[in-house]
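**Q** coords below, sequence missing:
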């Protein structure tokens with residue numbers, strides 16, 4: 001049976017920073033400390049940087065999946 005996706009912990013954030021044709025995703029804990037970095041290729045040219053507190057704030061399904069993967073990778077790495 002597959003494990004359910006890990007939620008973004010309370011007061012944690014993910015910053016989405018587009019650079020050229022990719023987005024850099026950075027996971028920060030409640031104190032603002034960087035915990036995990038990930039990348040998503042093929043960012044639209046009009047994308048802008050923003051920070052989210054819930055995955056629901058990410059409207060692009062593929063980018064949201066990359067953010068979920070970032071969270072899951074962090075939890076797997078620290079388990």
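**A** Nice, thanks for sending it over. Here the structure is a predicted model, which is why all the values come from computation and not from measurement. Numbering: from 1, shown residues only.
**Q** where does pLDDT dip in the protein?
**A** The chain contains residues with pLDDT under 70 at 1-2.
**Q** mind jotting down where the strands sit in it?
**A** Under the criterion DSSP state E, strands of the chain are mapped to 13-19, 22-28, 34-41, 50-52.
**Q** surely residue 66 and residue 37 touch.
**A** No: the pair residue 66 / residue 37 is not scored as a contact, 11.6 Å apart, by Cβ atoms under 8 Å. For glycine as for every other residue, the C-beta is placed from the backbone atoms N, C-alpha and C.
**Q** neighbour count winner among the two?
**A** The neighbour comparison of residue 66 against residue 37 (other Cβ atoms under 10 Å) goes to residue 66, with 19 against 13.
**Q** how near is the more buried one to residue 60?
**A** Using Cβ to Cβ, to the nearest Å, one obtains 9 Å as the distance from residue 66 to residue 60.
**Q** any idea which residue sits dead centre in the protein?
**A** For the chain, the residue sitting closest to the mean C-alpha position, by Cα atoms, centre = their mean, is residue 67 at 3.0 Å.
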